[in-house]
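J.: Need the 3D shape of this:
(one chain, ligands or ions: 2)
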Amino acid sequence: MKNNLQNSNSLVDKKIDWQIIQTAMKTKFGNEIFESWLKKIELIDEFKNYILISVSTRFIRDWITSRYLDQILGIVREHKKDIIRIEFLIEDINKVISKKTDKTEDNKKILFDNENVSFIKDSFLQYNRIDPNKNFSNFVIGDSNKLGFEASKKVSEDIAHYNPLYLYGGVGMGKTHLLNAIGLSLKEKNRVMFISAERFMYQFVKSLKTNEMVKFKEYFRNTDILLIDDIQFMNGKEAMQEEFFHTFNALLDKGSQIVVSADRPPNKLTRIQERIKSRFSGGLVVDIQNPDYDLRYKIIKTKTEELKLFHPTQINISEEIQKFISSEVRTSIRELVGALNRIVSFSRIYNKVPTLSEVKVILKDLLNLSENKVTIDTIQTVVCKFFKISKNEMLSPRRSRYLVRPRQTAIYLAKLLTSKSLPEIGRAFSNRDHTTVIHSVKTIEKLKKEDNELNVNIDSLKNKILYKQENEI
Ligand code: ADP
Ligand code: MG
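T.: Ligands and ions are numbered 1, 2, ... in the order given. All right, here's what the predicted structure looks like:
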């Protein structure tokens, strides 16, 4: 490993002194947190704009990610401002790798060794990480991701039938999970290359500098399955796009499968050549949408069951809490899973299942995240649009039936999605009394129990309200 570290660091000028970072973390978070969570973090490698650190388990990674990562990044950036993110290596996997790299000098052998995650010393593959825990069988399916799942499955069963497959959707929706699952299911019999677009660019530039372009080309053109994650980050110079375009075509010509993920549809990509975009559009383009309540609940249920298998005595998260998380953590599946992990950590540390009010405290920032962004004004706008009434009508004293329900719905959503008090909500609705607010909330809650259409409408309104804000950021 040593040599390798030096090699891949050759482009980096000033190295990060991990000792200093550790001291800073200790000061920032205090001794207790430092000793329990942060002390054992090791710096594995340092790249142009990110660092790779290792922790011993996925659990610790999730815990650190959900609580301290932003601040750790802040500390690292004080020492090296180029660093914009932190990646993790789980030590168990790490051990497998170092064992393998010790055993053999022949990189190729390790590269195409199918037993485990493939790593080679050569940095081309340093990021060819396929996570065995992100597979098809633990991908939970709902309306918003069904097509993405089916297309990915299809690609794994019938290579080059849909080519390329282009999956897109917002952050934390499961794109990387699906790419990973495709790689996992195909790597037994095929040469799989799983790389982020950022990494592709980095390798390209590095190969140019070190006169290894031939190797680079050969390597990429020799894969059977090329999975490129987050293509929106590809913003390289002409020469690189040229190379990408040719690699892409060469692979399609020889019947290799290409799968690309992005946060937006092909035609919305910026800084990417038109002909590449049109190649993307020429295959199967599938979007993954925001998860609705049902999917969120299904994911929470599944993950809770999974956890129970591992820690049967400790994890007993009540139905009420499961429902609470599913309805309140709406931004992405990543946050949803993160929320559950926090609750599990709490249970393990304090040896008890948190109550609902404790859950609210534990998840405060996640809940605020969506809460802060919602204004009553937004809610009114979205609800009016949905029911095709004007804002003046909504705010007027008129009590026509077609106005009353939308008004009550908006009031109900204001109570649900913002932290405003009843009088504050009343004021935002033309100075209505807080008892009117209570009445509206109660009415909608009651109707929701018997009226399925209302339920669907409210869910869709919630999604619209939350989604709208995401676009505004
Ligand atoms: P993206 O690449 O779209 O930003 P990820 O694939 O990294 O999102 O997903 C974020 C987290 O949520 C990962 O831990 C992933 O395993 C999990 N996840 C996403 N979608 C699902 C799903 N449908 N079922 C189970 N886990 C999911
Ligand atoms: Mg991703």
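J.: Now do the strands in the stretch 1-150 of the chain.
T.: Ranges of strands in the stretch 1-150 of the chain, per DSSP state E, counting those that start in this stretch, are 42-46, 50-55, 85-90.
J.: Buried ones in the second one, by neighbour count?
T.: Judged by neighbour count using 16 or more other C-beta atoms under 10 Å, the buried positions of strand 50-55 are Tyr50, Ile51, Leu52, Ile53, Ser54, Val55. Using the backbone N, CA and C atoms, a C-beta is placed for each residue, glycine as well.
J.: CSV for the residues you listed, including pLDDT and distance to ligand 1?
T.: Shown next, in CSV, are these (pLDDT from 0 to 100; distance: C-beta to the nearest ligand atom, whole Å):
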residue, pLDDT, distance to ligand 1
Tyr50, 87, 16
Ile51, 90, 19
Leu52, 89, 17
Ile53, 91, 18
Ser54, 89, 18
Val55, 86, 15
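J.: quick one, phi psi at the residue of the stretch 51-200 of the chain found nearest ligand 1?
T.: Residue nearest to ligand 1 within the stretch 51-200 of the chain: Gly174 (2.7 Å; C-beta to the nearest ligand atom). Dihedral angles of Gly174 (phi, psi; degrees, to the nearest 10) stand at phi 110, psi 10.
J.: neighbours of it, just the number please.
T.: Per other C-beta atoms under 10 Å, the neighbour tally for Gly174 reads 28.
J.: Could you export the buried residues of strand 50-55 as JSON lines, including distance to Leu403?
T.: Shown next, in JSON lines, are the buried residues of strand 50-55 (distance: C-beta to C-beta, whole Å):
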{"residue": "Tyr50", "distance to Leu403": "53"}
{"residue": "Ile51", "distance to Leu403": "57"}
{"residue": "Leu52", "distance to Leu403": "58"}
{"residue": "Ile53", "distance to Leu403": "57"}
{"residue": "Ser54", "distance to Leu403": "60"}
{"residue": "Val55", "distance to Leu403": "56"}
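J.: Those residues of the stretch 201-350 of the chain touching ligand 1, which are they?
T.: Proximity of the stretch 201-350 of the chain to ligand 1, by C-beta under 6 Å from any ligand atom, involves residues Ile299, Ile333, Arg334, Val337.
J.: Mark which of the residues you listed are buried, thanks.
T.: Ile299, Ile333, Arg334, Val337.
J.: List the contacts of the third one.
T.: The reference is to Arg334. Contacts of Arg334 were listed using C-beta atoms under 8 Å, 6 or more residues apart in numbering, and they are Val171, Gly172.
J.: wait, is it part of a helix?
T.: Yes. Arg334: assigned to a helix according to DSSP: H, G, I helix; E, B strand; the rest coil.
J.: what separates Glu306 from Arg348, distance-wise?
T.: 15 Å (C-beta to C-beta, to the nearest Å).
J.: neighbour-wise, which of those two wins?
T.: Using other C-beta under 10 Å as the criterion, Glu306 and Arg348 rank with Arg348 on top: 14 against 11.
J.: how close does that one sit to ligand 1?
T.: Counting by C-beta to the nearest ligand atom, to the nearest Å, the gap from Arg348 to ligand 1 is 19 Å.
J.: Then Val374?
T.: Applying C-beta to the nearest ligand atom to Val374 and ligand 1 gives a distance of 23 Å.
J.: So that residue is in contact with Thr418, correct?
T.: Yes. Counting by C-beta atoms under 8 Å, Val374 touches Thr418, with 5.2 Å between them.
J.: Turn the strands of the stretch 1-150 of the chain into JSON lines, including distance to Met240.
T.: Formatted as JSON lines, the strands of the stretch 1-150 of the chain follow (distance: least, C-beta to C-beta, whole Å):
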{"stretch": "strand 42-46", "distance to Met240": "23"}
{"stretch": "strand 50-55", "distance to Met240": "19"}
{"stretch": "strand 85-90", "distance to Met240": "21"}
